[in-house]
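Student: The following block contains a protein sequence and its predicted model.
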Amino acid sequence: MSRAIAATAPARAPGEVEDVLIALNASPLPRGAICALALEIESWLGGGEPKLLAPRLGLSPEHLGAALEIVSRARAIAEGERRRAADLDASIVTLGDAAYPEPLADLALPPPVLYCRGRLPEAPAVAVVGSRRADCYALEVAESFGRELAARGLTVVSGFARGVDAAAHRGALAADGGRTVAVLGCGLGIDYPRRSRRLADRVAAAGAVVTELPVGIPPHARHFPVRNRIIAALGAGTLVVRATERSGSLITARLALELGRLIWAIPGRIFDDRAVGANALIRDGAFLVQHPREIVETLPLALRERLPAEPPREALEPPLAADERRVYAALAPAEAATPEAIAERAGLAIDRVLAALLELELGGRARRYPGPAYCRRRPLA
């Protein structure tokens with residue numbers, strides 16, 4: 001039994017420890033103090049003198065005193081949190097519950113509570129992270145890897161940010177039966193990033209949207225490193241697609257490395273600031289990967305044996321019309337070009353190029369970016 005789970009093992013009144021964990025998690029105490037108090041809950045829940053107990057727990061008397069004061073109101077606070085979660089079709093999982101994700105027990109300070117929309121998949125997981133300011137190459141890579149990893153039976157975990165994170169979630173959702181988990185840096189019920197509710201609904205339907213923060217807590221800079229430790233722990237390894245020199249993605253990779261997880265990275269151009277972090281990880285020993293199968297091949301054997309023998313094969317694509325063939329040939333993978341530039345390359349009138357681009361986009365062979373600009377979607381299977 002892990003240290004995290006053993007902390008709640010001694011028998012008490014039904015639901016008492018769970019109520020205290022939920023109430024403690026919803027308190028204004030610092031996140032580190034909340035997690036430390038949760039791990040040692042049986043040491044202080046029975047009461048005692050804070051000045052005597054606090055040094056043994058590595059906490060301040062003020063923090064322990066505040067926790068003891070919460071105990072008398074824990075049931076009412078917990079019931080309120082459960083109602084708020086239920087209003088969002090979410091559940092609350094506490095440390096020690098059977099549904100609590102086992103990989104999180106590897107953390108020094110695991111979250112005492114998880115608010116969960118959907119259901120956390122039991123399949124092996126891989127984290128995919130990267131820059132919010134991703135170019136079309138990074139977005140294409142993240143979505144393609146997300147789709148192929150999910151098609152191969154892996155759950156794709158990411159942080160639901162714009163850019164690489166969102167692309168990885170979309171890719172996983174595009175796979176037949178694909179599963180993905182989004183870990184938030186805010187509470188449930190917050191539309192963050194803005195206009196992301198539809199994607200969140202799709203993720204919850206195919207996997208889970210999770211956070212340790214109470215319902216309605218807005219995003220804050222201090223929340224994201226805390227969120228990153230959950231992403232790092234849930235995955236058997238972390239793939240970094242794009243990262244600047246001081247990127248949050250590197251924090252996730254460092255945390256994953258401390259947990260003994262694998263680190264993979266997508267190489268980038270040496271003059272691109274957004275590729276500095278991933279290139280540095282490769283220099284320092286991360287696996288350089290160019291295809292999702294390379295990630296699967298480096299997973300521990302025990303995890304590979306839980307995956308399907310082969311990914312499902314997609315149906316053959318229908319043949320292209322003459323204009324579509326010429327426009328498709330003029331498109332570069334993950335290098336966006338305007339319709340005018342494509343028309344010049346293809347030697348076609350702009351109206352014929354626009355019509356062909358629409359058909360290619362509908363057929364999933366081209367991707368449209370704001371501008372507008374288009375690039376070829378490159379299959380990886």
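Tutor: Yep, that arrived.

Student: wait, what's in contact with the residue lying closest to residue 347 once chain neighbours are set aside?
Tutor: Sequence neighbours aside, residue 326 is the residue nearest to residue 347 in space, at 7.3 Å (criterion: Cβ to Cβ, 6 or more residues apart in numbering). Bear in mind the C-beta positions are built from the backbone N, C-alpha and C, glycine included. Contact analysis of residue 326 by Cβ atoms under 8 Å, 6 or more residues apart in numbering lists 346-348, 356.

Student: quick one: contacts for residue 179?
Tutor: Residue 179 touches 121, 123, 150, 155-156, 172, 206-207, counting by Cβ under 8 Å, 6+ apart.

Student: Against residue 173, how distant is it?
Tutor: Note on residue 179: its distance to residue 173, by Cβ to Cβ, to the nearest Å, is 9 Å.

Student: do residue 181 as well
Tutor: The gap separating residue 181 from residue 173 is 12 Å, by Cβ to Cβ.

Student: Of those two, which one has the most company?
Tutor: residue 181 (30 against 21; other Cβ atoms under 10 Å).

Student: And what about the more buried one, helix, strand or coil?
Tutor: Under DSSP: H, G, I helix; E, B strand; the rest coil, the three-state class of residue 181 is strand.

Student: Bridged to it, which residues?
Tutor: residue 157, residue 208 (DSSP bridges).

Student: Tell me where the stretch 201-350 of the chain has helices.
Tutor: Shown for the stretch 201-350 of the chain, the helices assigned by DSSP state H, counting those that start in this stretch span residues 223-234, 248-258, 276-283, 292-298, 301-304, 322-330, 339-346, 350-362.

Student: The third one - contacts with which helices or strands?
Tutor: Based on contacts counted as 3 or more Cβ pairs under 8 Å, 6 or more residues apart in numbering; DSSP states H and E, the elements that helix 276-283 packs against are strand 237-240, helix 248-258, strand 262-265.

Student: Give me the buried positions along that helix.
Tutor: 276-282 (16 or more other Cβ atoms under 10 Å).

Student: Switch those over to JSON lines, and while doing so, append distance to residue 228 and pLDDT to every line.
Tutor: Conversion of the buried residues of helix 276-283 to JSON lines gives the following (distance: Cβ to Cβ, whole Å; pLDDT from 0 to 100):
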{"residue": "276", "distance to residue 228": "19", "pLDDT": "93"}
{"residue": "277", "distance to residue 228": "14", "pLDDT": "93"}
{"residue": "278", "distance to residue 228": "16", "pLDDT": "94"}
{"residue": "279", "distance to residue 228": "20", "pLDDT": "94"}
{"residue": "280", "distance to residue 228": "17", "pLDDT": "95"}
{"residue": "281", "distance to residue 228": "15", "pLDDT": "96"}
{"residue": "282", "distance to residue 228": "20", "pLDDT": "96"}
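
Student: how far away is residue 18 from residue 94?
Tutor: For residue 18, the distance to residue 94 - Cβ to Cβ - is 5 Å.

Student: give me the number of residues near residue 187?
Tutor: There are 22 residues near residue 187, going by other Cβ under 10 Å.

Student: Can you lay out the buried residues of helix 276-283 as CSV showing distance to residue 140?
Tutor: Supplementary listing: the buried residues of helix 276-283 in CSV, determined by distance: Cβ to Cβ, whole Å:
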residue, distance to residue 140
276, 20
277, 19
278, 15
279, 18
280, 22
281, 20
282, 19
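
Student: for those, which one is nearest residue 142?
Tutor: Closest approach to residue 142 among these (Cβ to Cβ): residue 278, at 11.9 Å.

Student: Quick check, the closest one in contact with residue 268.
Tutor: Yes: counting by Cβ atoms under 8 Å, residue 278 touches residue 268, with 5.6 Å between them.

Student: Now the common contact residues for the two.
Tutor: residue 242.

Student: which one is residue 138 nearest to, not counting chain neighbours?
Tutor: Per Cβ to Cβ, 6+ apart, closest to residue 138 is residue 242, 4.2 Å.

Student: follow-up on the earlier one: with respect to burial, which of the helices and strands packed on helix 276-283 scores highest?
Tutor: Of all these, strand 237-240 has the most neighbours on average by mean count of other Cβ atoms under 10 Å, namely a mean of 29.

Student: mind listing what the spatially most central residue of the chain touches?
Tutor: Of all residues in the chain, the one closest to the mean position by Cα atoms, centre = their mean is residue 158, 1.6 Å from it. Residue 158 is in contact with 127-129, 146, 164-166, 168-169, 180-183, 231, counting by Cβ under 8 Å, 6+ apart.

Student: same thing but 6 Å
Tutor: Contact analysis of residue 158 by Cβ atoms under 6 Å, 6 or more residues apart in numbering lists 128, 165, 168-169.

Student: Next: residue 191.
Tutor: So residue 191 contacts residue 197 (Cβ under 6 Å, 6+ apart).
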